[in-house]
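Engineer: sequence first, then the predicted structure:
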Number of protein chains: 2
Amino acid sequence: MSTSAEDLRTIALQEFATAGYAGTSLHRIADLAGLSKSSVLYHYASKDALLEAAVAPSIERLSEILMTMATRPVTKASRKAFIADFVDFLLEHRLEVHLFINQGRSLVDVPVVDRANELVDRLAEFFASTTMTAEHRMRFGIALGGAAFLLVSPQSRELEAAPYGETRSALITILSELLAPVPVSIALEK
Amino acid sequence: MSTSAEDLRTIALQEFATAGYAGTSLHRIADLAGLSKSSVLYHYASKDALLEAAVAPSIERLSEILMTMATRPVTKASRKAFIADFVDFLLEHRLEVHLFINQGRSLVDVPVVDRANELVDRLAEFFASTTMTAEHRMRFGIALGGAAFLLVSPQSRELEAAPYGETRSALITILSELLAPVPVSIALEK
DNA sequence: ACAGTTTCTGACCGATCGGTCAGTTAGCGT
DNA sequence: ACGCTAACTGACCGATCGGTCAGAAACTGT
């Protein structure tokens, strides 16, 4: 149960997400961990392996969420439940999501990142099939990219200070609004 | 009016925004431009200088928008006008905005990027002062980061296919909704 | 005290990075 | 045809990159 391996994973995730995978050297990760570069490569065979170890758990979790989403019937209640699940996922895996969203397309041929890209695409297809208009597809993109940005932006310092529940419920409100299958105005007409 | 310098600027912007500044080598930029690395450094003194040339015009434009925003009275009409201006800015400078949003904080001590960070901070302060709740600050972050992501995401291929006006008006609708100074529900109560 | 294993390190490797420089090529006015 | 300048290039530089390896240090059970 050596603390070093887990420390390295955490530090690497933080750096990869904020400074970029290409912009983070193994030397820097080693320094932040108080180790030598060789020690980093002792715990993880390569830089790729370190990235993979850093993001793998979040992939697993996202896959689960998509699974349950696919099996549930498409009702307003299930949609609400999905958004709640997804917000929890976002809050727990902010760094990983930020990494996927902003570097996923340039980090191809890293297996675990490809997997993440697949999952994000499936997520997008799900929303694209439910709502057909271009505007709704834009709403989905803004919700996804916006949340990923927000949770790693400088502002998120204050968010961490705020009660977890408040941030969570606010995020659910905003995302529900953005991902509403039908605009409020049209719904009222019926 | 040599085409090379301008080509390099465009190519560099595209690569810096999508693959990241650290993840883009001068060699790659040279290859994409059909030149040698030395030629790139002939037109631009350094990699930093190339980045600066690539984003400088957008900084200028953003500064202008913030100027007019600061001078205008704070009314619903002026807010609407600002959002329209800002959406036009986003559509015209998608790559630069994406670069600022996602790499701005890790590219400090590049003068022009620092300048961009200042401007973004001022923008955030403006919205923070107008609306005080944490949720509204979150809405601003999602709108900004979401738009930046959307306009450089794979989906944006379809957006380019769609008429400019449609994308523009949809974006104005969504951002107006996100940046509304007062939530609809509260507004209706009064 | 000893041996065995895990953890860690410095020295080293080839490749690539951003950048310099001397010199070649191409375009243009005269 | 000439000379001048702008555009371009290959060779080269020191630094840093990810990665290898032999061995030191630290911890373990006996």
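Structural biologist: Alright, I've got the coordinates.
Engineer: and the longest helix along chain A, how far out from the chain's middle?
Structural biologist: Taking DSSP state H as the criterion, chain A has its longest helix at helix A:47-71. Chain-centre distance of helix A:47-71: 9 Å, with Cα atoms, centre = their mean, to the nearest Å.
Engineer: any residue of it touching chain B?
Structural biologist: No - applying Cβ under 8 Å from any Cβ of the partner chain, one finds helix A:47-71 separated from chain B by no less than 13.0 Å. (C-beta placed from N, C-alpha, C; glycine too.)
Engineer: helices of chain A, start to end?
Structural biologist: A:3-19, A:26-33, A:37-43, A:47-71, A:76-92, A:94-103, A:111-130, A:134-150, A:156-161, A:164-179, A:184-189.
Engineer: rank these by pLDDT, which is bottom?
Structural biologist: Comparing mean pLDDT across those, the weakest is helix A:184-189, with a mean of 47.
Engineer: and the residue of chain A that's closest to DNA strand C?
Structural biologist: Residue nearest to DNA strand C within chain A: residue A:38 (2.9 Å; Cβ to the nearest atom of the strand).
Engineer: gap between residue A:48 and residue A:139?
Structural biologist: 34 Å (Cβ to Cβ, to the nearest Å).
Engineer: who's more crowded, those two?
Structural biologist: Legend: neighbour count by other Cβ atoms under 10 Å in any protein chain shown for residue A:48 and residue A:139, higher for residue A:139 (26 against 16).
Engineer: if I pick the closest residue in space to that one that isn't next to it in sequence, what's in contact with it?
Structural biologist: Closest residue to residue A:139 apart from its sequence neighbours, by Cβ to Cβ, 6 or more residues apart in numbering or on different chains: residue A:178 at 4.8 Å. Taking Cβ atoms under 8 Å, 6 or more residues apart in numbering or on different chains, we find residue A:178 in contact with A:139, A:140, A:142, A:143, A:146, B:142, B:174, B:178.
Engineer: distance of residue A:178 relative to residue A:146?
Structural biologist: Applying Cβ to Cβ to residue A:178 and residue A:146 gives a distance of 8 Å.
Engineer: what about the nearest residue in space to residue A:117 that is not next to it in sequence, neighbour count?
Structural biologist: Leaving aside its chain neighbours, residue A:117 sits nearest to residue A:104 (5.0 Å; criterion: Cβ to Cβ, 6+ apart). Residues contacting residue A:104 under the criterion other Cβ under 10 Å number 19.
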